[in-house]
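Novice: Predicted structure and sequence below. I'll ask about it afterward.
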Amino acid sequence: MALPDFEPHFPDRPPCWSELLFCGVIGVTLLPNMIATLSSLPMVVVAFVLTTVALASDGVEDWFHRIGMAGRFLLIAGVFMGVQLVAELAPAGRPFLNDAATGVLLATLLYFIAFLARERTVSGWTATQEPAE
């Protein structure tokens with residue numbers, strides 16, 4: 001049963017196993033290394049707060065659905081290539097990128113944990129458009 005106060009801020013479906021696996025892999029493998037090399041805690045906090053505000057807004061999920069699977073792929077690929085480009089062209093910016101990415105990943109994991117706690121169940125391997133009961 002979903003908590004009604006948080007309805008607009010989460011998808012209208014339970015999380016799927018692939019999302020759970022993805023968050024688990026990030027939380028166990030990637031985040032510990034990123035946290036170990038932090039250089040600016042304020043940057044982590046700013047990225048965390050901005051990501052939390054964005055994830056809690058009503059328009060983010062709608063926008064993701066509007067851009068479709070190809071748009072999401074292009075977005076992820078563009079961010080990945082942009083980060084790589086900045087890291088190669090401006091090595092001094094690597095600590096900034098690490099700190100910002102750490103804040104984003106921490107906020108995303110917090111959001112997913114709240115989503116999982118809200119639904120208290122996990123669906124199949126892929127997300128469906130069917131509403132949760």
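Specialist: Great, that's in hand. Numbers count the residues shown, from 1 in each chain.

Novice: Against Val49, how distant is Phe10?
Specialist: Per C-beta to C-beta, to the nearest Å, Phe10 is found 19 Å from Val49. No exception for glycine: its C-beta is placed from N, CA and C like everyone else's.

Novice: Give me the more crowded residue out of those two.
Specialist: Ranked by neighbour count (other C-beta atoms under 10 Å), Phe10 and Val49 place Phe10 first, with 22 against 12.

Novice: what's the distance between the closest residue to the more buried one other than its chain neighbours and Val53?
Specialist: The shortest distance from Phe10 to any non-neighbouring residue, by C-beta to C-beta, 6 or more residues apart in numbering, is to Phe115 (5.1 Å). Phe115 sits at a distance of 16 Å from Val53 (criterion: C-beta to C-beta).

Novice: So for the two, which sits in the more crowded spot?
Specialist: Shown here are Phe115 and Val53; by other C-beta under 10 Å, Phe115 has more neighbours (20 against 11).

Novice: Is it correct that the more buried one falls within a helix?
Specialist: Yes - assigned with DSSP: H, G, I helix; E, B strand; the rest coil, Phe115 falls within a helix.

Novice: what about it, distance to Leu97?
Specialist: Counting by C-beta to C-beta, the gap from Phe115 to Leu97 is 26 Å.

Novice: again, but for Thr121
Specialist: 36 Å.

Novice: Remind me what the lengthiest helix in the chain packs against, helices and strands.
Specialist: The residue-count maximum for a helix in the chain (DSSP state H) belongs to helix 59-89. Judged by 3 or more C-beta pairs under 8 Å, 6 or more residues apart in numbering; DSSP states H and E, helix 59-89 is in contact with helix 94-119.
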